[in-house]
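S.K.: Need coordinates for the below:
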Amino acid sequence: MSAEQTTTLVQRTARTAREAQAARTMSLARALRLTAAKQADRLMGLPLSALSVTRRAISGEDVSSSLEVSSLMLLMDGAGDQVAAAILDPVLVTGLIQQQTMGKVMPPPEGGETRRHTATDAALCAPFIEKLLSGAALLPDTPDECALLNGYRFGVWAREPRQAQLALDASEYVLVEMTLDMAAGTRAGKLMLLLPQSKRVVVPVEQGGDTVAKAISTANLAENVLGLTADLMIGLTRIKMPLQKVSGLKVGDMLDLNLSSMAHALVIDGNGRALARGTLGQIDGWRAVQVEQRDDRKHTKPRRRASDRDGLDLPDVTAPQPGGEGLEDVGLPSLADMDVFGNLDDLPELPDMEEAAQAADSQMADWNAAQGSREDDDDTKRQNQAGW
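M.R.: Numbers count the residues shown, from 1 in each chain. Down below sits the predicted model:
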């Protein structure tokens, strides 16, 4: 056997092994394909198959390119305030509604479908999307793909692409595109899933006899903080003009900003509050602001030394009182010369301790006797009042 024949045989063997391994592996695409067919038949008796399933990563800025006015956009609420989106084209929406209302799928008209979607369309299509995501989340072999699909429920119908774009605020997404065939070729629609990149691991657990998915977060505090976004605006100047003139502005009108320099730009938050001042410019073709650093270190260190008193607005407690008179000047004696205890020789002699104790016992005995006679008189008085 030649070297070329040996190489070809090894390649065929390796290719066969890869194909066998791929057939046994449960990927994300295969999980969605199997779940879509099963849930469509279980929920509405619809013969459905996935002709193709593709997956690619996109950034949060590219989400708007996948949102179209003619599509039905369903926002899905997930764990940890995550929001995903299911985008169904009009052909797919009409087929799902026809199967649930008429029991059969009709071929699309020749002129296309231009009907505007309603909240009823969203309510009829949302259960299929929920079951598709929850069922497929249990099948993939890798925990990352399970976490990508797990924990989503229908939240709200987005009427316009702008509403969906505001809700989809993650930095990275996975775009899954599925071409679904309905009723053996009667209709073929497209379904797109915008899934945020998750930092959770999902493991299947037994609960009440059923297998459910449990999500475990793996993101730490540093990753969560670095993933936050803050929207800041740059203000160059403020212009006052009548409301009538503002309403009459149109594309192409010019406004005089009356600026001679870009060194007085303000960094403004969403509430209109100025956070910092800087200079507006550009770096490598991108707009940039060089923020001025304010020195606030003088307020961060305690000022407790005697040398720091000059810069503090504090009264001088060591200074003499107004008038400049001391204790000697007003005729008061010095405390060092005062006799606090007086003449101790004039005090009487203390009695003997045993004699004092006997005198105290004698007084207590007389007091107890008087107290007992008083109580007996009270008892006799009560008995006479009771008629005894």
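S.K.: Next, count neighbours for P143.
M.R.: The burial count assigned to P143 is 17, neighbours taken as other CB atoms under 10 Å. The C-beta positions use only the backbone N, C-alpha and C, and glycine is treated the same way.
S.K.: again with A170
M.R.: When neighbours are counted by other CB under 10 Å, A170 comes out with 18.
S.K.: Can you give me the separation between it and T237?
M.R.: From A170 over to T237 the distance is 35 Å, taken as CB to CB, to the nearest Å.
S.K.: Give the partner strands of whichever helix or strand I58 is part of in its sheet and their orientations.
M.R.: Element membership for I58 (DSSP states H and E) is strand 48-59. Note on strand 48-59: by DSSP bridges, its sheet partners are strand 172-182 (antiparallel).
S.K.: quick check: domain ranges of the protein?
M.R.: The chain breaks down by automatic domain parsing into domains covering 25-226, 230-242+262-284.
S.K.: Rounded mean pLDDT for the first one, please.
M.R.: This means domain 25-226. What domain 25-226 shows for mean pLDDT is 85.
S.K.: The shortest one too?
M.R.: The pLDDT scores in domain 230-242+262-284 average 84.
S.K.: Pull out the buried positions in it.
M.R.: 265-267, 278, 280 (16 or more other CB atoms under 10 Å).
S.K.: Narrow those to those in helices?
M.R.: Using DSSP state H, no member of the buried residues of domain 230-242+262-284 falls in helices.
S.K.: how about the helices in the stretch 151-300 of the chain?
M.R.: With DSSP state H, counting those that start in this stretch as the criterion, the stretch 151-300 of the chain has helices at 161-167, 221-226, 243-247.
S.K.: Tell me which helix or strand comes right after the host helix or strand of R12.
M.R.: According to DSSP H and E, R12 maps onto helix 3-24. Sequence-wise, the next helix or strand downstream of helix 3-24 (DSSP H and E) is helix 28-44.
S.K.: Can you dump the C-alpha atoms of that next one in CSV for me?
M.R.: Output of helix 28-44 as CSV, limited to C-alpha atoms (Å, rounded to 0.1, in the frame of the first residue of the first chain):
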residue,chain,number,x,y,z
LEU,A,28,-27.6,23.4,20.7
ALA,A,29,-28.8,23.2,17.1
ARG,A,30,-29.9,19.6,17.4
ALA,A,31,-31.7,20.3,20.7
LEU,A,32,-33.7,23.1,19.2
ARG,A,33,-34.5,21.0,16.1
LEU,A,34,-35.8,18.1,18.1
THR,A,35,-37.7,20.2,20.6
ALA,A,36,-39.4,22.4,18.0
ALA,A,37,-40.9,19.4,16.2
LYS,A,38,-42.0,17.8,19.5
GLN,A,39,-43.6,20.9,21.0
ALA,A,40,-45.4,21.9,17.8
ASP,A,41,-47.0,18.4,17.7
ARG,A,42,-47.8,18.4,21.4
LEU,A,43,-49.2,21.9,21.7
MET,A,44,-51.2,22.3,18.4
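S.K.: now the angle from that helix to strand 48-59?
M.R.: 130 degrees (axes from the mean of the first three to the mean of the last three CA atoms, to 10 degrees).
S.K.: got the contact list for stretch 38-57?
M.R.: Outside stretch 38-57, the residues that touch it by CB atoms under 8 Å, 6 or more residues apart in numbering are 28-30, 32-33, 36-37, 95-96, 99-100, 103, 105, 127-128, 131-132, 135, 172-184, 188, 197.
S.K.: Pull out the buried members of those.
M.R.: When neighbours are counted using 16+ other CB under 10 Å, the contacts of stretch 38-57 contain these buried positions: 28-30, 32-33, 36-37, 95-96, 99-100, 105, 128, 131-132, 135, 173-176, 178-183, 188, 197.
S.K.: just the strands in the stretch 101-250 of the chain please.
M.R.: Assigned strands in the stretch 101-250 of the chain, in chain order: 153-158, 172-182, 187-196, 200-207, 210-217, 233-235 (criterion: DSSP state E, counting those that start in this stretch).
S.K.: if we can go back for a sec, can you redo the buried residues of domain 230-242+262-284 as CSV with distance to A119?
M.R.: Formatted as CSV, these follow (distance: CB to CB, whole Å):
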residue, distance to A119
A265, 44
L266, 43
V267, 41
G278, 46
L280, 45
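S.K.: closest to D121 among those?
M.R.: Ranked by distance to D121 (CB to CB), those are led by V267 at 43.5 Å.
S.K.: related to what we said a few turns ago, quick one: which of the buried residues of domain 230-242+262-284 sit in strands?
M.R.: Counting by DSSP state E, these place 265-267, 278, 280 in strands.
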